[in-house]
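*Asks:* structural data only, the sequence is not supplied:
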C-alpha cells in the first residue's frame, strides 16, 4: 500500500509537471521571423511578452512588454555635483583654491553606466464604467540614494479614460506634472537628467484628474507626495518634511491646443507646505512651517519634422523637482530656538529644438537666475547641544547667482538600435552671501563640458 501511494504521488507530480511545462512553452513559443521582426533577440523578447492576452477571472487584460538596454560613457572637464554615480548631472562645482592658488576642482572625471536601462509593461484592460482602463509599469536600475545600480520601480500607475466626456483619472507613480511629459513637452536631450536643474524633473506618487473642454482647452488637477525626489531640511533629503504637513503638493494646469498637438500653450501653478522640525534644539515643541509656490508657462509647436518646446519656471523651494532653490532660516528665538523660514526663489527658462527624422539633430538652451529671498537669512549658527556649526540653508545651488546650459545633440536611428552623442556645456557664476545674509555678491565663474555617448538597443 505504501509503495502504491508513492507511485500515485509520482504519477500526479509528473502529470502536473507536464501540464505546467506545456503552458510555459506555449507562452514562450517563438513567433516566425518576418521583415519587421528579423532580429533574433528582438523576436525572442517579443515572442515571450508582446501581444499576449492574459485572462484574470472574467476580465481580459492584454500585456505588452518593451524597453531598452543602454550603454553610456561620459567625460567631464571638472568636478561636478551629480547623483547616481555621476550619471545625473546638476552643475560644475565652484572653485576650491589650494595654498598655492590652484583649483582643486579643476580635475575632470569619466565613467560608464548601464543603469538607465528600462523594462516596461503596458496593460490594456477592459472597459470599466464606460471608461478605457490602462496600467503601466516601468523599471530601471538606478537604485536609491543608498544603493545605486539596483532594480527600481520608476513608474507604476493605472488610468481610466472616458473618451466621450474627455475625462481621465490616474492613480499611481508618474512624472511630476511640472515636467510636462504627459504633453510630450519635456526637452528631448540624451542626458538622463532631462536638462535639470534648468528643467523640472521628478516622479511622484499622485492622483490626477484631466478634463477636456471642447477640442482645444484642457485642465489638469493633481495631488502628489514625495518618494525618490524629496525636499531638503535639517536632517538632509527626506520626505518627512512634507508628510508632517498632512497635505500633499497641489498642482493645477491649464493648456490650449488641438488634439493633434500642432501647438500647445499653457500655464500651471504648484503649492506645497513643509514642516522642517517637530522639536527645537532647546526641547520645545516646534510650531514651524514654510509654504512654497511655483508657477510655470509652457509652449510647443510642431511643423513636421521640426518640433519646438519651451518652458518658463518661477519656483520657490524647487529642489524636490530638481530645480535650483530651497529655503533658509530667517529668524531664531534666542529662548526657545523657534525658527521662521523664507524661500529661495529661482527663475529658469529653456527652449529645445528637435528634428524628428532617422538622423535627428537637436539643441537645448537654458538659463537660470537666483532671485534670492524676500528677507535676510541666517546661513549658519553654533549648535550648543552638538558642539558643531549647524547649517541653516536647505537648498540646491543656493550659492549660484546665475547659470547657462547649452546642449547640442544628434541621434542616429537604425531599428532596433539608436546611437546618440551630446555635448553639455554648463556655465555657473557663483556668489557669496554677505551683510548677514541680506545680499549676494558674485565671486567667480566656472564651466564644465560633458561629452556623452549613448547606444540603445530596443526590444
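*Replies:* Ah, there it is. Please read all numbers here as calculations on a predicted model, not as lab measurements. Numbering: from 1, shown residues only.
*Asks:* and the longest strand for this structure?
*Replies:* strand 439-458 (DSSP state E).
*Asks:* partners of that one in the sheet?
*Replies:* Partners of strand 439-458 in the sheet, by DSSP bridges, are strand 59-76 (antiparallel), strand 417-434 (antiparallel).
*Asks:* list the contacts for residue 193?
*Replies:* Contacts for residue 193 (C-beta atoms under 8 Å, 6 or more residues apart in numbering) come out as 88-90, 201, 322. In this view, the C-beta of every residue, glycine as well, is placed from N, C-alpha and C.
*Asks:* please redo it, this time with the cut-off set to 10 Å
*Replies:* For residue 193, the contact set (C-beta atoms under 10 Å, 6 or more residues apart in numbering) comprises 82-84, 87-90, 199, 201, 322, 424.
*Asks:* pretty sure it sits in a helix.
*Replies:* No. Per DSSP: H, G, I helix; E, B strand; the rest coil, residue 193 lies outside any helix segment and is coil.
*Asks:* next one, pLDDT for it please.
*Replies:* Looking at residue 193, its pLDDT is 95.
*Asks:* again, but for the one 3 residues further on
*Replies:* On the pLDDT scale, residue 196 is placed at 95.
*Asks:* what about it, which SS state?
*Replies:* coil.
*Asks:* with adjacent residues omitted, what lies nearest to it?
*Replies:* residue 322 (4.1 Å; C-beta to C-beta, 6 or more residues apart in numbering).
*Asks:* so what's the one you found up against?
*Replies:* 83, 88, 90, 176, 179, 193-202, 229, 396.
*Asks:* where does it fall, phi/psi-wise?
*Replies:* Residue 322 has phi and psi values of phi 60, psi 30 when expressed as degrees, to the nearest 10.
*Asks:* wait, what's in contact with the residue most central in space within the chain?
*Replies:* Nearest residue to the geometric centre of the chain (C-alpha atoms, centre = their mean): residue 202, 2.9 Å. Residue 202 makes contact with 175-179, 194, 196, 224, 226-230, 318-323, according to C-beta under 10 Å, 6+ apart.
*Asks:* among those, which lie within strands?
*Replies:* 175, 224.
*Asks:* just the buried subset of the contacts of residue 202, please.
*Replies:* Among the contacts of residue 202, those that count as buried by neighbour count (16 or more other C-beta atoms under 10 Å) are 175-179, 194, 196, 224, 226, 228-230, 318-323.
*Asks:* tell me the SS of the nearest residue to residue 270 once chain neighbours are set aside?
*Replies:* Excluding the flanking residues, the one nearest residue 270 by C-beta to C-beta, 6+ apart is residue 294, at 4.2 Å. Recorded secondary structure, residue 294: strand (three-state DSSP).
*Asks:* am I right that residue 294 is in contact with residue 312?
*Replies:* No. Counting by C-beta atoms under 10 Å, residue 294 stays clear of residue 312, with 11.2 Å between them.
*Asks:* more crowded one of the two?
*Replies:* The neighbour comparison of residue 294 against residue 312 (other C-beta atoms under 10 Å) goes to residue 294, with 25 against 15.
*Asks:* any idea how far residue 169 is from the more buried one?
*Replies:* 24 Å (C-beta to C-beta, to the nearest Å).
*Asks:* how about residue 123?
*Replies:* 16 Å.
*Asks:* same question for residue 399.
*Replies:* Residue 399 sits 43 Å away from residue 169, going by C-beta to C-beta.
*Asks:* now swap in residue 128 and tell me
*Replies:* Where residue 169 is concerned, residue 128 sits at a distance of 10 Å (C-beta to C-beta).
*Asks:* shared neighbours of the two, which are they?
*Replies:* residue 160.
*Asks:* for these two, indicate the residue with more neighbours.
*Replies:* It is residue 169, of residue 128 and residue 169, that has more neighbours when counted by other C-beta under 10 Å, with 14 against 10.
*Asks:* wait, isn't the more buried one in contact with residue 161?
*Replies:* Yes. In this structure residue 169 lies within contact range of residue 161 using C-beta under 10 Å: 8.0 Å.
*Asks:* overlap in contacts of these two?
*Replies:* With C-beta under 10 Å, 6+ apart as the test, residue 169 and residue 161 both reach 131, 210.
*Asks:* which secondary structure state does residue 241 sit in?
*Replies:* Of the three states, residue 241 takes helix according to three-state DSSP.
*Asks:* what are the ranges of the strands in the stretch 51-200 of the chain?
*Replies:* 52-56, 59-76, 80-83, 88-92, 109-113, 118-128, 131-140, 152-162, 167-175 (DSSP state E, counting those that start in this stretch).
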